[in-house]
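Q: Got a predicted structure here, sequence first:
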Amino acid sequence: MEETCVTFSLGIKTVNYNFLKRADKLGGAIVCLFLTIFGRFFPKSKKEIKVENSIKKILIMKFWGLGSIVLASPAIKSLRMKYPDAEITFYTLSRNKEICHLLGLVDKVVAVELDQGIGKFIRDLLFTLFSLKKQHFDLLLDLEFFTRFSAILTYLINARISVGFDTWEVWRGNFHTVKVPYNRYWHMSKIFANLVSKIGTKIEFLELAHPRVSPADREFINEILEQNEVTNQHIVPVNVNSDPIGLERRWPKSYFVRLIDELIEKHNLKIVFIGSKTDIPYVQEMLSSLKNKNQIINLAGKINLSQLCALFEKSHFFISNDSGPLHLAVAMGLPTISFFGPETPVLYGPQGAKHLVFFKNIDCSPCMNVHSAKTIKCCKGSAECMESITVEEVVNEIEKNFFRK
């Protein structure tokens, strides 16, 4: 299968993720080389690298992945505990502002807008970069894995101490004062915890931060359930979508249809479709194939993250592809059923006995990793790793774990 040109539409603007990856790989490498050479001829004044209690201003950068931000929450929480008086700023994309506020671990969120065109993005980037540089941060944590974009920002912001991931496979300059190996055999929450441990922060438990849900959003979800006459039925949210950066992570549409039809027929469930506004066409297409449409509530594009968390509070379990909402459900304490193939659950899978993870680990799987900017080039012609997860085995495991008599 040739590399798919993945786009993500919001309003009239379109983001081409493969273009961004190429720009980071090629253009980013050139900029990193230039800044490295420039730094040798015009070195910055040496800073004290020792981490101490005098740290008062901390900047955390993570642009890609709502789920990764949730998985980083134990590390951020430990940082907050070590430096309770420090002001922590989170630098991210505007689409991630809501999850940062829900987790409640930072003081300020600074965001750049990517989804309204390149012009808006460049203006936001220059404005925020200039503003952040003037704040003279004591500590910068670059939580991006191997994007040159974040490494360049690290150099330009010029914090007293900067911490970031390092690997020989992806060169991105020599801009971090503390370099941390990326271990591809550890769970992502442990990888983030290891990064902050290099500055003396200890983490006893890797428990995800619990999102804060407002009473108004709980009431909003209650009204929706009442309008749809949900009384004693089990509520099961379903996420048939995945981030556009890796659409191959979606379990086949026909499999979802068969699973939902069978669960409704056997257990009289109330299924709730979720998703962003860009997911609406895909969800509606799937909805049209279902038999018992009166048992379906379609909330794709209709609720925000806080309202989604309120829905999770009311739910029996959650069925999802590998995606951000999956990690949000885990953080809310909701049992989950998830499907992995291109990505490995070793890194991103929900942890704990109440989570069912389906992963076939066929000969070419996983093929998605951070060293190649999560670019998928399927050698099978179709996502065999997802297609080999059968409806029958999923139904059997769900009934065994959630509907025992």
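A: Structure's in. What do you need? Because the structure is predicted, anything quoted here is derived from the model rather than measured.
Q: where does the protein dip in pLDDT?
A: 1-18, 45-53, 370-376, 405 (pLDDT under 70).
Q: Spell out which residues make up each domain of it.
A: Under automatic domain parsing, the residue ranges defining each domain of the chain are 7-197, 215-402.
Q: Please identify the helix or strand for the residue nearest the centre of the chain.
A: Centroid-nearest residue in the chain, with Cα atoms, centre = their mean: residue 67, separated by 2.3 Å. For residue 67, the element it lies in under DSSP states H and E is helix 66-71.
Q: Quick one: residues in contact with that helix.
A: 62, 92, 95-96, 99-100, 103, 143, 188-189, 192, 208-209, 323-324, 326-328, 330-331, 348 (Cβ atoms under 8 Å, 6 or more residues apart in numbering). To be clear about C-beta, it is placed using only N, CA and C from the backbone, and glycine gets the same treatment.
Q: Please apply the same query to stretch 199-210.
A: 51, 70-71, 73-79, 82, 103-105, 139, 161, 163, 178, 187, 189-190, 193, 196-197, 327, 330-333.
Q: For it, buried residues please.
A: 199, 201, 203, 206, 208, 209 (16 or more other Cβ atoms under 10 Å).
Q: Look at it and report the distance between its end residues.
A: 25 Å (Cα to Cα, to the nearest Å).
Q: which stretches of the stretch 101-250 of the chain form strands?
A: Using DSSP state E, counting those that start in this stretch, the strands of the stretch 101-250 of the chain run over residues 108-112, 139-142, 161-166, 178-181, 235-239.
Q: Burial-wise, tell me which of those strands comes out on top.
A: strand 139-142 (a mean of 27; mean count of other Cβ atoms under 10 Å).
Q: any idea how far that one is from the chain center?
A: 19 Å (Cα atoms, centre = their mean, to the nearest Å).
Q: Tell me which other helices or strands that strand touches.
A: strand 57-61, helix 148-157, strand 161-166 (3 or more Cβ pairs under 8 Å, 6 or more residues apart in numbering; DSSP states H and E).
Q: In TSV: those, plus distance to residue 317.
A: What follows is the helices and strands packed on strand 139-142, written out as TSV (distance: least, Cβ to Cβ, whole Å):
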stretch	distance to residue 317
strand 57-61	32
helix 148-157	35
strand 161-166	34
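Q: Compare these and report which one is nearest to residue 279.
A: Closest of these to residue 279 is helix 148-157, at 25.9 Å (criterion: Cβ to Cβ).
Q: could I have the closest one exported to CSV, CA atoms only?
A: C-alpha atoms of helix 148-157 as CSV (Å, rounded to 0.1, in the frame of the first residue of the first chain):
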residue,chain,number,x,y,z
ARG,A,148,12.7,18.7,15.1
PHE,A,149,10.1,21.4,15.5
SER,A,150,10.0,21.1,19.3
ALA,A,151,13.8,20.9,19.4
ILE,A,152,14.1,24.2,17.5
LEU,A,153,11.7,25.8,19.8
THR,A,154,13.8,24.6,22.8
TYR,A,155,16.8,26.3,21.3
LEU,A,156,14.9,29.6,20.7
ILE,A,157,13.1,29.8,24.0
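Q: Residue 41 and residue 262, how far apart?
A: 67 Å (Cβ to Cβ, to the nearest Å).
Q: So between those two, which is more surrounded?
A: Ranked by neighbour count (other Cβ atoms under 10 Å), residue 41 and residue 262 place residue 262 first, with 17 against 6.
Q: Run through the residues that contact that one.
A: Applying Cβ under 8 Å, 6+ apart, the residues near residue 262 are 391, 395.
Q: Could you look up the SS state of it?
A: helix (DSSP: H, G, I helix; E, B strand; the rest coil).
Q: still on that earlier bit, to residue 300, which of the strands of the stretch 101-250 of the chain lies closest?
A: Of all those, strand 235-239 comes closest under Cβ to Cβ, at 9.3 Å.
Q: Which other helices and strands does the closest one contact?
A: helix 253-267, strand 270-273, helix 305-313, strand 318-321, helix 324-331.
Q: Flag every buried residue along stretch 77-92.
A: Using 16+ other Cβ under 10 Å as the test for burial, stretch 77-92 gives 77, 78, 79, 80, 82, 83, 86, 88, 89, 90, 91, 92.
Q: In contact with the third one, which residues?
A: Which is residue 79. Neighbour list for residue 79: 58, 60, 88, 141, 196, 201 [criterion: Cβ under 8 Å, 6+ apart].
Q: That one and residue 66, how far apart?
A: Here residue 79 is placed at a distance of 20 Å from residue 66 (Cβ to Cβ).
Q: how about the helices of the stretch 1-150 of the chain, start to end?
A: 17-22, 28-41, 66-71, 73-82, 97-103, 118-133, 148-157 (DSSP state H, counting those that start in this stretch).
Q: can you list the ones you listed in CSV and add distance to residue 360?
A: What follows is the helices of the stretch 1-150 of the chain, written out as CSV (distance: least, Cβ to Cβ, whole Å):
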stretch, distance to residue 360
helix 17-22, 26
helix 28-41, 34
helix 66-71, 21
helix 73-82, 29
helix 97-103, 30
helix 118-133, 38
helix 148-157, 33
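Q: Pick the most deeply packed of those.
A: Per stretch, and counting mean count of other Cβ under 10 Å, the top mean among these goes to helix 66-71, which has a mean of 24.
Q: could you dump that helix to CSV, C-alpha only?
A: Only the C-alpha atoms of helix 66-71 are listed here, as CSV (Å, rounded to 0.1, in the frame of the first residue of the first chain):
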residue,chain,number,x,y,z
LEU,A,66,-4.4,14.2,23.2
GLY,A,67,-3.9,10.7,24.5
SER,A,68,-0.2,11.3,25.1
ILE,A,69,-1.0,14.4,27.2
VAL,A,70,-3.2,12.2,29.4
LEU,A,71,-0.5,9.6,29.6
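Q: May I ask you to confirm that residue 358 is in contact with residue 338?
A: Yes - Residue 358 is within contact range of residue 338, at 7.0 Å (criterion: Cβ atoms under 8 Å).
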